[in-house]
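Participant: I would like the atomic coordinates for the input below:
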Amino acid sequence: MPISHISFLQLGDVHYPDLLKASPLADHKDPGLSSATVGAVSSSRIADITRGIIRILGEEKNLVAVVLTGDLTTRGNVPGYKDCLAFLHGALQLADTVYWKDRRLLAVPGNHDINRAAIINGPPMSEKFEPLLKNWEEICGSNEFLTVNAPKPTDLPTVLPGFPAPSIRFLPLNTCYLCGEHRAFPEQIRDKVIQLLDALKATVPADEFEKMMSEQIDCPAVSREHVIALEKHIREGDMDSVSVVIGHHPLFAQPMTRIDGYNEMLNAGYVRETILETRKNVIYLHGHIHQDPLLIVNSPLKGSHRIIHVSAPALEDGFNLIKIFFSDETNQPLGLEMIQYRFGDHFGLVKHAPIKLRLIDQASLWNEIDQPWIKYVLDKLFSPKFVLRFSDLLRAVPAPLKRGIELIDQTEFIKDALVILELLEIIDITNRDGSVKTWQCHRKTI
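Facilitator: As a prediction, this is how the structure comes out:
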């Protein structure tokens, strides 16, 4: 019953160069000191966050990807998009093979990445993404990092044919297919709207026009052909893999009331139901709303499989580290752990307590820990008030442990079992950041 994990980072909206305007963490009450002076002696949001990302890249040996969920710039600022790539290339040390050997950077476009002023007269829909691809080519040496066409799977880590092993199937999805398109306006008023917009565009500076129109003509959606490709690749995924879909827009309305036109993806329900119809567990990552709700969706009519819907905050507010746990015996994905790193008001970047979610039904997960000694753990954890220390389990579990003729490390065996009990939502573990031998367990309050 040993388990292992594969992890990745989820980074939300960057909005460069606006990102550089983020205030330093300081109670600045002396107007006589310049912002530059205050910044030189204060904690910096972006410096703390990028330093935290690099630290995780160095420490998390099982990390296979960093995911960007779009909106690298603001209001279609093409030079700003290119500058953002240069910033990320340096901040994430993309040229350093120490951090990026056997790892991938995966990105999708956001609605703010599209220069709407340049497309309002109706060139082909795909052309609006060409400047973005060109910038990736110039700054990062390849445009394969950004997906604007039909999603293609990236399976990480690479699994050799005939040698089953756990992996994650990443599927970047372009949710900005109609963003900026005048085709979104009803036919009865389309010509008049275009005439009005053209007349307005001729009277104001380009950047001012973008500020006025950027949200008003947003129309997020996914191409039908892309949805069909997404379904195909999820279904074809190896039974030992879990699919992670990367989009910019959420599949649900955001929790906070948003007063705006086309503020939801037009065919979000179609995308959502198509994913559920695959009857596989899927993790859907997105940004856009600058908030970080976590939703779990399933349909009793489509089995016990679920969509785990994970939002990332704006990058200036933090990022998510997500770990997928697998059984080493069956390679089956068991559950995930999400750790939110958030920029606090007083302490800079703060690591929050892990959130655990199962990826298989509880009956199947329970079979993974069908061990005689587990009854001892559950008998001891008879109430939420009773705390069981890891050292208690070391004394209670017989040693040496065997699987067939193979000897098993007692500490690792108990650790894996406790992690699965967490995924079963039976226990909570405290002191998770310390040595496993300092862990303390108690039954969850129902």
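
Participant: And residue 140, what's its pLDDT?
Facilitator: Note on residue 140: pLDDT of 91.

Participant: so it makes contact with residue 94?
Facilitator: Yes: between residue 140 and residue 94 there is a contact under Cβ atoms under 8 Å: 6.5 Å. Where C-beta positions appear, they are placed from N, C-alpha and C, glycine not excepted.

Participant: Tell me which other helices or strands the strand ranked longest in the chain touches.
Facilitator: For the chain, the strand reaching the highest residue count under DSSP state E is reported as strand 333-344. In terms of contacts (3 or more Cβ pairs under 8 Å, 6 or more residues apart in numbering; DSSP states H and E), strand 333-344 is packed against helix 45-59, strand 318-327, strand 348-351, strand 355-358, helix 410-423.

Participant: Out of those, which is closest to residue 161?
Facilitator: Nearest to residue 161, of all those, is strand 318-327, at 18.8 Å by Cβ to Cβ.

Participant: May I have the strands that pair with the closest one, each with its orientation?
Facilitator: strand 3-11 (antiparallel), strand 333-344 (antiparallel) (DSSP bridges).

Participant: The ones you listed: which one's closest to residue 248?
Facilitator: Between residue 248 and the strands paired with strand 318-327, the tightest spacing by Cβ to Cβ is seen for strand 3-11, at 12.1 Å.

Participant: buried set for the closest one?
Facilitator: 3, 5, 6, 7, 8, 9, 10, 11 (16 or more other Cβ atoms under 10 Å).

Participant: who does residue 340 bridge with?
Facilitator: residue 320.

Participant: what residues are up against it?
Facilitator: Neighbour list for residue 340: 292, 318, 320, 352, 355 [criterion: Cβ atoms under 8 Å, 6 or more residues apart in numbering].

Participant: what's the pLDDT at it?
Facilitator: As predicted, residue 340 sits at a pLDDT of 96.

Participant: Distance check, it against residue 292.
Facilitator: According to Cβ to Cβ, to the nearest Å, residue 340 stands 7 Å off from residue 292.

Participant: Need the overlap of contacts for those two.
Facilitator: The contact sets of residue 340 and residue 292 overlap at residue 320 (Cβ under 8 Å, 6+ apart).

Participant: re the thing from before, who touches both of residue 140 and residue 94?
Facilitator: residue 105.

Participant: which residues of the stretch 201-350 of the chain score low on pLDDT?
Facilitator: 210-217, 239-240, 258-263, 345-347 (pLDDT under 70).

Participant: Kindly recompute the last result at 90.
Facilitator: 201-219, 237-242, 252-266, 279, 298-306, 327-335, 343-349 (pLDDT under 90).

Participant: all helices of it, in order?
Facilitator: Remark: helices assigned in the stretch 201-350 of the chain by DSSP state H, counting those that start in this stretch are 206-213, 224-236, 268-277.

Participant: Export only the CA atoms of the longest one, formatted as CSV.
Facilitator: So the one you mean is helix 224-236. Extracted in CSV, the C-alpha atoms of helix 224-236 (Å, rounded to 0.1, in the frame of the first residue of the first chain):
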residue,chain,number,x,y,z
ARG,A,224,-16.9,23.2,-30.4
GLU,A,225,-13.9,21.5,-32.2
HIS,A,226,-11.8,22.1,-29.1
VAL,A,227,-14.5,20.6,-26.8
ILE,A,228,-14.6,17.5,-29.0
ALA,A,229,-10.8,17.2,-28.9
LEU,A,230,-10.8,17.7,-25.1
GLU,A,231,-13.4,14.9,-24.6
LYS,A,232,-11.4,12.6,-26.8
HIS,A,233,-8.1,13.1,-25.0
ILE,A,234,-9.7,12.7,-21.5
ARG,A,235,-11.3,9.4,-22.6
GLU,A,236,-8.0,8.2,-24.2
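
Participant: what's the distance between the longest strand of the chain and the middle of its chain?
Facilitator: Counting by Cα atoms, centre = their mean, to the nearest Å, strand 333-344 is centred 10 Å from the centre of its parent chain.

Participant: Can you give me the buried ones in it?
Facilitator: Buried-residue list, strand 333-344, by 16+ other Cβ under 10 Å: 333, 334, 335, 336, 337, 338, 339, 340, 341, 342, 343.

Participant: what's the angle from it to helix 410-423?
Facilitator: 80 degrees (axes from the mean of the first three to the mean of the last three Cα atoms, to 10 degrees).

Participant: between strand 333-344 and helix 45-59, how many degrees?
Facilitator: Going by the same axes, to 10 degrees, strand 333-344 makes 150 degrees with helix 45-59.

Participant: returning to what we had before: identify, out of the helices and strands packed on strand 333-344, the most deeply packed stretch.
Facilitator: strand 318-327 (a mean of 23; mean count of other Cβ atoms under 10 Å).
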